[in-house]
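**Student:** Let me see the structure of the following:
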Amino acid sequence: MTGAQTAAAATTGRRAAGPPRTGLTLFALAIAGMVVSVQQTLVIPLLPELMSHFHVSVTAVTWVFTASLLAGAVATPLLSRFGDMYGKKKMILLVLVLLLIGSVVCAVSGSLGVLIAGRALQGVSSAMIPLAIGMIRDTFPRERITTAIGIVSATMGVGGSAGMIVTGLIADRTTSHHPVFWITAALAAAGLVLVAVTAHDAGARAGGRPDLAGALVLAGWLVCLLLAISEGNDWGWTSGGVIALFAAAVVLCGLWVVIELRVREPLVRLSLLVGPKSLSANLSSTLLGFAMFAAFTLISGFVQSPSDKVGYGLGGSVLDVGLYMLPSTVTMLVASSMSGTIARRIGPAYTLALGSVFAGLSYTWLAVSNSHGYDMLAFSAIQGIGFGVAYAALGTLAVQHVPMDQSGIASGINSLVRTTGGSVAGAVTASILAGKVIAGTEVPTLGAYELCFWIVAAGAVLAAAVAVVHGVRHPHERPA
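**Tutor:** Just a heads-up that it's a prediction; the model follows:
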């Protein structure tokens with residue numbers, strides 16, 4: 001028997017031994033993914049209170065969110081690559097430990113600087129989802145892979161809504177931000193124990209040495225790009241600082257491409273970023289990231305707008321924001337569990353298109369009708385169906401065409417571009433809301449919100465179009 005046959009037999013044996021434990025493993029990965037998603041959104045409703053608590057400007061307090069975003073964008077492809085090289089379970093445990101430490105730092109923070117440092121540590125946990133998807137592909141039986149990826153992918157939306165509810169419940173009882181982070185610390189600890197006890201690695205190791213030069217330059221151009229996008233509104237899109245950051249991002253990105261093409265063992269194989277099959281998945285991921293992130297920011301502001309004073313909104317609290325998003329949590333869980341069956345029948349590309357259309361319809365509903373609570377509930381339910389189906393299919397589409405030993409980095413790249421799409425969503429919607437305000441105030445007009453809803457709907461529909469084109473070009477593709 002050759003070495004390759006021996007390795008294949010060993011892998012088959014590990015897969016055969018895996019099914020009895022896959023249920024517990026999936027539960028552990030889903031819980032861990034939920035915790036990661038919770039930390040991504042729980043600070044959004046807290047920003048106004050933190051600004052008052054620390055007596056700082058909007059620009060300064062925004063770093064509480066931006067630091068997490070930047071850390072996640074840099075860490076995701078690096079740790080995904082390390083997962084392929086050294087084992088995905090080790091990297092999942094590492095990111096959960098960093099999430100736990102970051103949560104404790106935030107919970108004891110007495111200054112904005114310490115809070116931002118803790119949020120950066122928390123942000124590294126963004127690598128959890130692609131690592132989990134890679135582990136599922138390595139260890140689960142073939143017939144369960146698509147459904148399992150769908151469930152883990154759905155935690156991004158479910159955890160986001162849960163984060164809003166957790167923050168709302170605490171905001172009703174205290175003005176301190178510390179309890180929120182103690183809760184995430186406890187959740188991170190629980191996820192850490194579950195993964196340590198139940199998860200196991202079964203994939204082959206990619207081997208090789210870390211591409212440190214590629215990692216550093218990647219970090220440099222991502223930081224420049226996301227910093228420019230995040231600060232564009234405050235600094236001015238034509239300001240010297242923003243233009244310099246965009247220029248630096250372009251130069252460093254070009255240098256990074258050169259490094260990745262020349263190095264023997266690159267951090268990111270460019271074929272996984274812009275290859276014939278990868279490009280469709282990554283472009284769709286960018287557009288869906290744009291749509292999902294917009295939901296968290298736009299809906300929070302719209303629900304809390306006092307209708308008796310500004311003529312629109314629902315006059316709700318932070319808790320109400322989370323409660324209005326509850327239907328999304330339910331429908332997303334149901335839809336993600338059904339996505340595997342749908343994908344086996346029509347393929348993941350058309351499944352992605354179907355989910356994206358539902359996501360677009362949800363925003364279209366709000367753009368047309370938004371004056372009642374039932375409008376928000378209907379939006380939430382339809383959006384959950386859309387993202388539940390779309391993200392489950394996207395997780396499969398991102399990795400099914402790559403070798404097993406590259407599944408982690410392929411999923412990591414897909415997660416990276418989704419984060420970038422979310423950053424663009426924040427910048428675009430903030431610019432529109434800041435540019436169309438009620439005369440004599442800084443309050444956005446109803447027309448500004450409706451324009452944002454139309455733009456996000458268009459982004460989701462464009463994601464559907466990209467997926468359809470992929471399906472036409474690769475008609476025989478089925479979940480791997």
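**Student:** Which stretches in the stretch 301-450 of the chain count as helices?
**Tutor:** For the stretch 301-450 of the chain, the helices defined by DSSP state H, counting those that start in this stretch cover 307-310, 318-324, 326-346, 348-368, 373-399, 407-435, 446-473.
**Student:** Okay, angle between whatever helix or strand A154 lives in and helix 348-368 too, please.
**Tutor:** Per DSSP states H and E, A154 falls inside helix 142-171. Following axes from the mean of the first three to the mean of the last three C-alpha atoms, to 10 degrees, one obtains 30 degrees for the angle between helix 142-171 and helix 348-368.
**Student:** Could you give me the buried positions within helix 142-171?
**Tutor:** Of the residues in helix 142-171, those buried by neighbour count under the rule 16 or more other C-beta atoms under 10 Å are 144-168, 170-171. (C-beta placed from N, C-alpha, C; glycine too.)
**Student:** Equivalent analysis for stretch 440-457, please.
**Tutor:** For stretch 440-457, burial by neighbour count (16+ other C-beta under 10 Å) applies to 443-446, 448-453, 455-457.
**Student:** Kindly report the same for stretch 334-354.
**Tutor:** By 16+ other C-beta under 10 Å, the buried positions in stretch 334-354 come out as 335-340, 342-343, 347-354.
**Student:** In the stretch 1-150 of the chain, where is pLDDT below threshold?
**Tutor:** Applying pLDDT under 70 to the stretch 1-150 of the chain flags residues 1-21, 48, 57-59.
**Student:** ok, now which ones touch A390?
**Tutor:** 288, 351-352, 354-356, 358-359, 463 (C-beta atoms under 8 Å, 6 or more residues apart in numbering).
**Student:** Pull the number of nearby residues for H372.
**Tutor:** H372 sits with 10 neighbouring residues when counted by other C-beta atoms under 10 Å.
**Student:** Tell me which helix or strand M34 sits in.
**Tutor:** Taking DSSP H and E as the definition, one finds M34 inside helix 19-41.
**Student:** Extract the C-alpha trace of that helix and format it as CSV.
**Tutor:** Taking only C-alpha atoms (Å, rounded to 0.1, in the frame of the first residue of the first chain), the coordinates of helix 19-41 have been written out as CSV:
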residue,chain,number,x,y,z
PRO,A,19,-20.4,9.8,13.4
PRO,A,20,-21.2,8.7,17.0
ARG,A,21,-19.6,11.9,18.2
THR,A,22,-20.6,14.3,15.4
GLY,A,23,-23.8,15.3,17.2
LEU,A,24,-21.9,16.5,20.3
THR,A,25,-19.2,18.1,18.1
LEU,A,26,-21.8,20.0,16.1
PHE,A,27,-23.5,21.2,19.3
ALA,A,28,-20.1,22.4,20.7
LEU,A,29,-19.2,24.2,17.5
ALA,A,30,-22.6,25.8,17.2
ILE,A,31,-22.4,27.1,20.8
ALA,A,32,-18.9,28.4,20.3
GLY,A,33,-20.0,30.1,17.0
MET,A,34,-22.9,31.7,18.9
VAL,A,35,-20.7,33.1,21.5
VAL,A,36,-18.4,34.6,18.9
SER,A,37,-21.4,36.2,17.1
VAL,A,38,-22.8,37.6,20.3
GLN,A,39,-19.6,39.5,21.1
GLN,A,40,-19.6,41.0,17.6
THR,A,41,-22.9,42.9,18.1
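**Student:** which secondary structure elements does that helix contact?
**Tutor:** Judged by 3 or more C-beta pairs under 8 Å, 6 or more residues apart in numbering; DSSP states H and E, the packing partners of helix 19-41 are helix 63-86, helix 88-108, helix 128-139, helix 142-171, helix 178-198.
**Student:** between it and helix 326-346, how many degrees?
**Tutor:** Orientation check (the same axes, to 10 degrees): helix 19-41 against helix 326-346 gives 130 degrees.
**Student:** For stretch 213-227, output the C-alpha coordinates as CSV.
**Tutor:** This file holds the C-alpha atoms of stretch 213-227, laid out as CSV (Å, rounded to 0.1, in the frame of the first residue of the first chain):
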residue,chain,number,x,y,z
ALA,A,213,6.0,38.2,5.4
GLY,A,214,2.7,37.6,3.7
ALA,A,215,0.9,37.8,7.1
LEU,A,216,2.5,41.1,8.1
VAL,A,217,1.8,42.7,4.7
LEU,A,218,-1.8,41.3,4.7
ALA,A,219,-2.3,42.8,8.1
GLY,A,220,-0.9,46.1,6.9
TRP,A,221,-3.2,46.6,3.9
LEU,A,222,-6.3,45.3,5.7
VAL,A,223,-5.7,47.7,8.6
CYS,A,224,-5.3,50.6,6.2
LEU,A,225,-8.4,49.7,4.1
LEU,A,226,-10.7,49.1,7.1
LEU,A,227,-9.4,52.1,9.0
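**Student:** Need the residues that contact it.
**Tutor:** The contact list for stretch 213-227, computed with C-beta under 8 Å, 6+ apart, reads 66, 69-70, 73-74, 77-78, 245-246, 248-253, 255-256, 259-260, 263, 266-268, 416, 420, 423.
**Student:** one step back: turn the helices of the stretch 301-450 of the chain into TSV, columns for mean pLDDT and distance to G236.
**Tutor:** Shown next, in TSV, are the helices of the stretch 301-450 of the chain (pLDDT from 0 to 100; distance: least, C-beta to C-beta, whole Å):
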stretch	mean pLDDT	distance to G236
helix 307-310	86	26
helix 318-324	81	30
helix 326-346	84	35
helix 348-368	94	29
helix 373-399	88	33
helix 407-435	76	11
helix 446-473	92	19
